[in-house]
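[1] The sequence and its predicted three-dimensional model are supplied below.
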Amino acid sequence: MSGFFYLFLIIKIIRFALMSISVAGITKIYGTQKAVDNISFELKKGEIVGFLGPNGAGKSTTMKMITGYLPPTDGTAVVCGFDIQQQPMEVRKRVGYLPEANPLYFDMYVREYLEFSARIHHLKDAAKRIEEMITLTGLGKEAHKKIGMLSKGYKQRVGLAQAMLHDPEVLILDEPTSGLDPNQIVEIRELITRIGKEKTVLLSTHIMQEVQAMCSRVIIISNGKVVADDSIDKVQQLNTSQTALIVSFEKDVNEALFKELKHMRSYENLGGNKWKMISDKPEELRKEVMQLSLRNDININSLQTETQSLEDVFRKLTN
């Protein structure tokens, strides 16, 4: 029995070593309101994961609990092998956090603020690290200014520089591009993508294009519960009661032949010999279309499944 126990313990240790974040049944209750309801997920090292949900779904609350800024009512999380409740200071050493409301000292100069943050983290060779962050985040031309004088985009860069200053293993970013103009969004997105090659990033945003551009995986929550957790491709196939097949034939097709397609619920001509066919059993319909083409000597130029957009899936899962 003891041998099995030690084997189980070793497996558990290895599993936690491979995971940067492991959330287990975490719950947060405010009075009678359950803001986060028994959610669980894991993030591997090197992942950039989109954390999506409508306003009030519990995203920010979850992030605050993972970072140790807010205690959970129930459940827990482990970050880089450290429990958020039992070892909160060890967790904070390994997490870089950019809240939605970026808490900056507007009367401080950029470099002064980073020096202040470096002292909090007891950084060795702080001056060198500060210059590295200023270069990485593109703050060089603004480093001599007071933070209050900066544009929203550069304030976000200062927040990111502060979050990364102590070289954390995990970055938790809550709406990092909120309020930015299109150029600033692209710049911050590229910066996060570069950072994500070496860090684990949990990223909250309402912009679906950002998720598709940066993330390999998405977690969607609604009313405090996880309603989806998978790769973007697989999530786009969720919650689909009916699927569209786009079929392009080589020549004209008599619509009367479509009566032979038992698994087709409706169809629409997209112009010329291209048709959109709706089915609740797309694989069966695909077979029927292939058989129809063989029986009637009609070649098929293309046959593909129409994919839902991430926004479509998000709306269906959270409405």
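    On my side now, so go ahead.
[2] Any regions of the stretch 1-150 of the chain where pLDDT drops low?
    Regions of the stretch 1-150 of the chain meeting the criterion pLDDT under 70 cover residues 1-18.
[3] Would you map the strands across it?
    Counting by DSSP state E, counting those that start in this stretch, the stretch 1-150 of the chain has strands at residues 19-30, 33-44, 48-52, 74-79, 82-83, 95-98.
[4] Now do the domain split for this protein, please.
    2-235, 243-318 (automatic domain parsing).
[5] winner for burial among these?
    Stretch with highest mean neighbour count among the domains of the chain: domain 2-235 (a mean of 17; mean count of other CB atoms under 10 Å). Backbone N, C-alpha and C define where each C-beta goes, glycine included.
[6] chain center to that one: distance?
    Remark: domain 2-235 is offset 11 Å from the chain centroid, using CA atoms, centre = their mean, to the nearest Å.
[7] Format the strands of the stretch 1-150 of the chain as TSV; extra columns: distance to residue 199.
    Below are these laid out as TSV (distance: least, CB to CB, whole Å):
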stretch	distance to residue 199
strand 19-30	8
strand 33-44	11
strand 48-52	8
strand 74-79	12
strand 82-83	16
strand 95-98	8
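[8] Between those strands, which one is closest to residue 189.
    strand 48-52 (10.7 Å; CB to CB).
[9] counting contacts, what elements does that closest one pack onto?
    helix 59-67, strand 200-204, helix 208-214, strand 217-222 (3 or more CB pairs under 8 Å, 6 or more residues apart in numbering; DSSP states H and E).
[10] and residue 170, which of those is closest to it?
    Among the helices and strands packed on strand 48-52, strand 200-204 sits nearest to residue 170 (CB to CB), with 4.9 Å.
[11] Provide the strand pairings for the closest one, with the direction of each partner.
    strand 48-52 (parallel), strand 170-174 (parallel) (DSSP bridges).
[12] distance of residue 238 from residue 229?
    10 Å (CB to CB, to the nearest Å).
[13] Tell me where the stretch 201-319 of the chain has helices.
    208-214, 232-235, 282-295, 310-318 (DSSP state H, counting those that start in this stretch).
[14] Next, format those helices as CSV and append mean pLDDT and distance to residue 136.
    As requested, the helices of the stretch 201-319 of the chain are exported to CSV (pLDDT from 0 to 100; distance: least, CB to CB, whole Å):
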stretch, mean pLDDT, distance to residue 136
helix 208-214, 87, 17
helix 232-235, 86, 27
helix 282-295, 90, 46
helix 310-318, 85, 29
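[15] Reformat those into JSON lines and put distance to residue 100 next to each item.
    Output for the helices of the stretch 201-319 of the chain, formatted as JSON lines (distance: least, CB to CB, whole Å):
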{"stretch": "helix 208-214", "distance to residue 100": "14"}
{"stretch": "helix 232-235", "distance to residue 100": "23"}
{"stretch": "helix 282-295", "distance to residue 100": "40"}
{"stretch": "helix 310-318", "distance to residue 100": "18"}
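[16] who wins for proximity to residue 176 among those helices?
    Taking the helices of the stretch 201-319 of the chain one by one with CB to CB, helix 208-214 is closest: 8.9 Å.
[17] Please name the bridge partners of the residue sitting nearest the centre point of the chain.
    What sits nearest the mean C-alpha location of the chain, by CA atoms, centre = their mean, is residue 50, with 0.5 Å. Note on residue 50: beta-bridge partners residue 203, residue 218, judged by DSSP bridges.
[18] distance of it from residue 65?
    Residue 50 is 18 Å from residue 65, by CB to CB.
[19] picking up where we left off before, among the helices and strands packed on strand 48-52, which is nearest residue 262?
    strand 217-222 (34.4 Å).
[20] what residues does that closest one touch?
    With contacts defined as CB atoms under 8 Å, 6 or more residues apart in numbering, strand 217-222 is touched by 39, 41, 47, 49-54, 57-59, 62, 211, 226-232, 235, 310, 313-314, 317-318.
[21] As PDB, could you dump the C-alpha coordinates of it?
    What follows is strand 217-222, C-alpha atoms only, in PDB (Å, rounded to 0.1, in the frame of the first residue of the first chain):
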ATOM      1  CA  ARG A 217      -7.100  27.700 -26.300                       C
ATOM      2  CA  VAL A 218     -10.200  29.400 -24.800                       C
ATOM      3  CA  ILE A 219     -12.100  29.000 -21.500                       C
ATOM      4  CA  ILE A 220     -15.600  30.500 -21.600                       C
ATOM      5  CA  ILE A 221     -17.500  31.100 -18.400                       C
ATOM      6  CA  SER A 222     -21.100  32.200 -17.900                       C
END
